Structure formats: structure tokens, C-alpha cells
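Asker: Make a model of this:
(one chain, ligands or ions: 1)
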Amino acid sequence: MPHDQATWQLWIDRPGALVSPFLFGHFAEHLGRCIYEGLWVGPESPIPNQDGLRTDVLAALRDLPVPVLRWPGGCFADDYHWEDGIGPRERRPRRTNLWWYGEEPNHFGTDEFLALCRAIGAEPYICLNVGSGSPTEARNWLEYCNGSGQTHYARLRAQHGHPEPYGVRYWGVGNENWGCGGHFTPEEYAAAYRRFATYLKPFTRTTRSRIELIACGHTTPDWNQRFLAALGVERNPRLLDLIDHLSIHRYFRGPHDRDFTAADYYWLLASTLQLETDLRRTRDVLSYDGGQKRLGIVVDEWGTWYDQARAENGLEQVNTMQDAVVAAGTLNLFVRWADWVTMANLAQTVNVLQCVVQTAGPAMWLTPTYHAVHLLAAHRGQRVLPADLETPELTVSGPAGTSARLPLVDGAASRSADGRTLVLTLVNRHLEEAIECRISLRGEGRIDGGLHQQLTADDVRAANSAADPERVRPTRAPFPAAGTTVAVTLPPHSVTALQLTLVSP
Ligand code: AHR
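Answerer: Numbering: from 1, shown residues only. Predicted coordinates:
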């Protein structure tokens, strides 16, 4: 029997912002076994592949789906020289991977990345090298990808087998430039950003394919403010043409290996609440311009990062049901913030950090996080609904006598454009107790059954593996309830997705 109750009122007649598919994006860096082994095995590999890309991983990512994929880093991006990664593979130079302790063979470069994106149906998002690169190198990369006609780089791309421009729309101007991307001050980065963007933005005109630029922001209180002030947009609002989105990163750190305690679990979940504060602070800074141009917030790296994930082991870590609970709560947050968050990218697609797919030689399996993302992705293209959730809370303790209040139930609701489908996603964070959630509709319409999908496991530490790839997987069943008030039971540490049919009262 459920121990506790939550109530959730949904205003179904007040659809709000469109939920961008890009909130369910991913990130793949040249780090550990993400690209090499994970995505790319090369055409000569005995592992089945499509021109070097693992076919099993391609199929899994296609089904997830992956609406947008960020590449090549991360820290790697600010020391990546893209011309190393084009042309005949045997002639590409081997370089030191400065950040992730290895050698970069450059077998996976721009054309391979764009082939990957096409194969899985992802929009490419390329992160440029500001730290050790130059505006010239960046504009040449853009011309290689998007240029048409007879320019040097458009012809080079055609020689490499791609006569048609790729039309890459999203370009990040550096990564964490306050840290591994060059240790800039906000003012120094603003000066660098202005130079780069000035020579990138005109490509929207010359190639007639719109590009959107993403500037590097930060979660410290003053970076974003100082950056925008130094960029000079207050003085000269036309400079707003140079920027479309501001990015922030948020990792949820934990000391855990597979034997994490209940206290570790609750503290990790409490730490995920910080992201809403990050979004609020970033929004407040972006709101200053009085609405002259709405910049989007891009959370282009997020996810769990445990102590066991170190550069030496390619940032690999266990991925359990706990991670699925974190993923679902975070994606619920992005859906609720759909009017401000324009993109988010989970770190990192295969084998690294909070990946969605893991591999060992020829074996491949899906992580609990994969299933959570798959369930939450049902919100794509819908309109977010205002909702009022009353949930039991828990006081949880952290290090050095700190404590926090953790809402046990978390949810997001959206409605389809034709008004006929509601998507409701709910998380129960309690480790031991089921919670019943009573859902009431406010407005014209009632529920007439639907689909019920649920992800949980007997143990929150449960993980999938090569030996047991289906240990954690969702159930799927009809949801027969009807009316304007329905109840759903949320098992302990679970993710529930309801796709409900809405009919006239
Ligand atoms: O995702 C791993 C690293 O975390 C990225 O390279 C960097 O951007 C961040 O600090």
C-alpha cells in the first residue's frame, strides 16, 4: 500500500512553451571510450559497423532518440584542430589528447561526426576551439561544413565525398573558457567571443543557412553578468546579433561506487536541485536587456559524476537505477523550463559518465538512464502545462552538518498540439515507500485511458551489464483510468510516464 500521497493539479487549457526536442540532447567527447570503441570501431573492425560506426550503438541511439549531438568536447574542443581530422584516414596526424591522457588518432573527424548525426537523425552541434585556436580556423571549419560554390573549403569537402553543404546550425564558441578552455576572465572571453562571432555570423548570409552561436557561460554568480557587460550589448544592442544562447554546465557529484548508502543517494538527489537555482540566476542575467532579444539557456553538459570516474579510467562509472531517477528529475525540470532552456546535452553518450549506452568489446547494453531519457522524450514537441504539485518531503543530511529539504515526487506535464494527448512524467525519489499521486484536471476535458510505462528495480543500485542487459527496463501497459481525477501509484525510486487520451467532458 502506498504510504504517502501527492496531489497534482494540471491546467490543461493553459498550454505554455513548446518543449524543444533539443532538451533531450547528448554530448560525445574524444574522451576514454566514448568515441573510439563506443561509437567508432573503424571499417576494418570485426564488430559490425556502418562505415566504421558501430551498428548496434547506431540502432540504440536512433531509437532513443538523439535530437542533437554536441561534439568534439568538452575540454578536448579547445585544443582540437579540425583539419587534423579530414581527408584520407591513414594520413591524418596523431596528436596528444592533452586533457584525457591519450593519443588522438584523428580517425573520427568532421565527416565521420556528420555521418554519425545523419545515421541517428541528430542535429549536429559543433564546439569550436577558442582556447588554442583562432577565428580563422573557426571560420574555415564553418566554411568546410556549410560553404557552397567554389571556395577552397567547399571544394575540399566535395573532394572528400560530400558535395552538398552539411548546413550545421549550432556552433559553440569554446567550452568552459573560464577553465580548461583557456582560463579567461569574463572580460577576456568577451573580447575573444566578439572576434570569433564577428567572423562566423556572416556565414548565415553568405551560405543562406542560419547559424546559431552558443557562448560559454558559467554557474558562478558573476561570470554571465560580467561577460555580457564586457561584450557591450548594453552600449551597442546590435552586438546581440552575435549571440543566440548562453551555456552552463552542471554535474551532480557523488562519492559513490556501487555500494552507495541511502544517505549518499538522498544527498545526491538534493544536490540536483541546485540546477534550478542555476537556471533562475542565468535567466535573471539574461532578462536584463528588457526583451530586446531573448537568448536561450543551453545546458550543454549535465549529469552525474562520481569519484570513481577519473581521467585515468576514461571517466567511467557505474550507472544504476539511481542515475535514472536523477535523469528523469532533471529532464522534468527542463520541460518545466521550456520557455528558457533551448537545449540540454547529457554527458556523455557512450561509456563515459552518465552514458546511455555501454559497450565491452562486441557487447552493448542500455543503461537505466537510457530508459529514463526514452520515457521523458515523449514531451518533445508538446506544450508544457502549468501544474501545482503537492508532495511529501524529506529532510536529508549532507556533509559537515548541512541539510536540505527534498521533494519526494517530481513531475512535468505537457499537451499535444492537437490537444488530444497529455504526457505526464513522474519521479518518486523515496527509497522504500510507494507514493500515490492523485492527478486532477482543471479546465475542459477528461482522461479516457492511455499508456502507462514505468521504470524501477528491486534495488536502486541495480545496473545493466553485458551478462544481464535487461536487469533494469521499463514496463508498458494500458492505463485504464478515466475521468477528471485519476490516481497512479509510484513505486519507490521509480520513473513513471503516462500518455493519456484527452476527450471532451
Ligand atoms: O565531460 C567531461 C568534462 O567535464 C568536459 O570535457 C568538460 O567540459 C567538463 O568539465
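
Asker: quick one: which helix or strand includes Arg438?
Answerer: strand 435-442 (DSSP states H and E).

Asker: So which bits of that strand are buried?
Answerer: 435-437, 439, 441-442 (16 or more other C-beta atoms under 10 Å). Every residue, glycine included, has its C-beta placed from N, CA and C.

Asker: any chance of these in JSON lines, with pLDDT and distance to Thr421 too?
Answerer: Compiled in JSON lines, the buried residues of strand 435-442 are given as follows (pLDDT from 0 to 100; distance: C-beta to C-beta, whole Å):
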{"residue": "Ile435", "pLDDT": "98", "distance to Thr421": "25"}
{"residue": "Glu436", "pLDDT": "97", "distance to Thr421": "23"}
{"residue": "Cys437", "pLDDT": "98", "distance to Thr421": "19"}
{"residue": "Ile439", "pLDDT": "98", "distance to Thr421": "15"}
{"residue": "Leu441", "pLDDT": "97", "distance to Thr421": "13"}
{"residue": "Arg442", "pLDDT": "96", "distance to Thr421": "18"}
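
Asker: The one residue in the stretch 401-505 of the chain that gets nearest to the ligand and Ala363, how far apart?
Answerer: Nearest residue of the stretch 401-505 of the chain to the ligand: Ala463, at 20.3 Å (C-beta to the nearest ligand atom). From Ala463 across to Ala363, the span is 14 Å (C-beta to C-beta, to the nearest Å).

Asker: For these two, indicate the residue with more neighbours.
Answerer: A count of neighbours by other C-beta atoms under 10 Å puts Ala463 above the other of Ala463 and Ala363, at 20 against 13.

Asker: what residues are up against the closest residue to that one other than its chain neighbours?
Answerer: Closest residue in space to Ala463, ignoring its immediate chain neighbours: Thr320 at 4.6 Å, by C-beta to C-beta, 6 or more residues apart in numbering. Contacts of Thr320 were listed using C-beta atoms under 8 Å, 6 or more residues apart in numbering, and they are 258, 368, 460-463, 472.

Asker: which one of the residues you listed is nearest Arg336?
Answerer: Pro368 (22.4 Å; C-beta to C-beta).

Asker: Contact partners for the closest one?
Answerer: 319-321, 323-324, 455, 457, 462-464, 472.

Asker: In contact with Ile12, which residues are there?
Answerer: So Ile12 contacts 385, 415, 422, 441-445, 502 (C-beta under 8 Å, 6+ apart).

Asker: surely Asn49 meets Thr55?
Answerer: Yes: contact criterion C-beta atoms under 8 Å: Asn49 and Thr55 qualify, at 5.9 Å.

Asker: So between those two, which is more surrounded?
Answerer: The residue with more neighbours, out of Asn49 and Thr55, is Asn49; 19 against 14, by other C-beta under 10 Å.

Asker: How much space separates Arg14 from Arg415?
Answerer: Using C-beta to C-beta, one obtains 9 Å as the distance from Arg14 to Arg415.

Asker: who's more crowded, the two?
Answerer: Arg415 (26 against 14).

Asker: surely that one meets Pro15?
Answerer: Yes: counting by C-beta under 8 Å, Pro15 is a contact partner of Arg415 at 5.1 Å.

Asker: okay, now the closest residue to the ligand within the stretch 51-200 of the chain: neighbour count?
Answerer: Across the stretch 51-200 of the chain, the shortest distance to the ligand (C-beta to the nearest ligand atom) belongs to Gly74, at 2.7 Å. The number of residues packed near Gly74 is 29, by other C-beta under 10 Å.

Asker: Same check on Leu275?
Answerer: Residues near Leu275, counting by other C-beta under 10 Å: 21.

Asker: Equivalent analysis for Gly401, please.
Answerer: 6.

Asker: What residues does the chain have near the ligand?
Answerer: 29, 73-75, 175-176, 301, 347-348, 353 (C-beta under 6 Å from any ligand atom).

Asker: rerun at 5 Å
Answerer: When proximity is defined as C-beta under 5 Å from any ligand atom, the chain approaches the ligand at 74-75, 176, 347.

Asker: In JSON lines: those residues, plus distance to His218.
Answerer: Shown next, in JSON lines, are the residues of the chain next to the ligand (distance: C-beta to C-beta, whole Å):
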{"residue": "Gly74", "distance to His218": "15"}
{"residue": "Cys75", "distance to His218": "15"}
{"residue": "Glu176", "distance to His218": "8"}
{"residue": "Ala347", "distance to His218": "16"}
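
Asker: Relative to Arg280, which of the residues you listed is nearest.
Answerer: Glu176 (21.1 Å).

Asker: Which helix or which strand is home to that closest one?
Answerer: Counting by DSSP H and E, Glu176 is found in no helix or strand.

Asker: Would you check that my belief about it contacting Ala77 is correct?
Answerer: No: in this structure, Glu176 is not within contact of Ala77 by C-beta under 8 Å, at 9.1 Å.
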